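# 3D, please:
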Amino acid sequence: MASLSEAQELLSEEQKAARDADLDARLEKLKLEVNQEPIHIPHPETVKATEELLERLAALRQEHAAATATADAFRKSIAKLPEKCSIEELKAKFK
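Numbering: from 1, shown residues only. Below is the predicted model:
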């Protein structure tokens, strides 16, 4: 009759074997999934065009931020004007 420690050892080995079998099955399943998906390698011209578009987008965002700041400053200066103002007063204000 096997002792308790031998039984535990056998159970532990069976658990390890079951875990290994499960991991192997999961690995095989993942390999099949990976092999079914096409590998996409972007064309170099597409990559270059995308990089150029991102650079242009960054430049446009900077231009937009500068234009927004200018418009905000203009709105603030208009808000400070008296309600009725002559052309000469406006010219003097914006010199």
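
# Return the distance of the longest helix belonging to the chain from the chain's centre.
The residue-count maximum for a helix in the chain (DSSP state H) belongs to helix 44-80. When distances are taken as CA atoms, centre = their mean, to the nearest Å, helix 44-80 is centred 20 Å away from the chain's centroid.

# Now it: buried residues?
By neighbour count on 16 or more other CB atoms under 10 Å, the buried set for helix 44-80 is empty. The C-beta positions use only the backbone N, C-alpha and C, and glycine is treated the same way.

# so after that helix, what's the next helix or strand?
Under the assignment DSSP states H and E, the closest C-terminal helix or strand after helix 44-80 is helix 87-93.

# ok now that following helix, how far from the chain's centre?
Taking mean C-alpha positions (CA atoms, centre = their mean), helix 87-93 and its chain are 50 Å apart.

# list the buried ones in that helix?
If you call a residue buried by 16+ other CB under 10 Å, then helix 87-93 has no buried ones at all.

# Quick one: mean pLDDT over that helix.
Regarding helix 87-93, the rounded mean pLDDT is 79.

# Sketch out the low-pLDDT regions of this protein for me.
By pLDDT under 70, the weakly predicted segments of the chain are 1-2, 4, 7, 81.

# tell me, what residue is most central in this protein?
L54 (13.7 Å; CA atoms, centre = their mean).

# now it: how far from K93?
41 Å (CB to CB, to the nearest Å).
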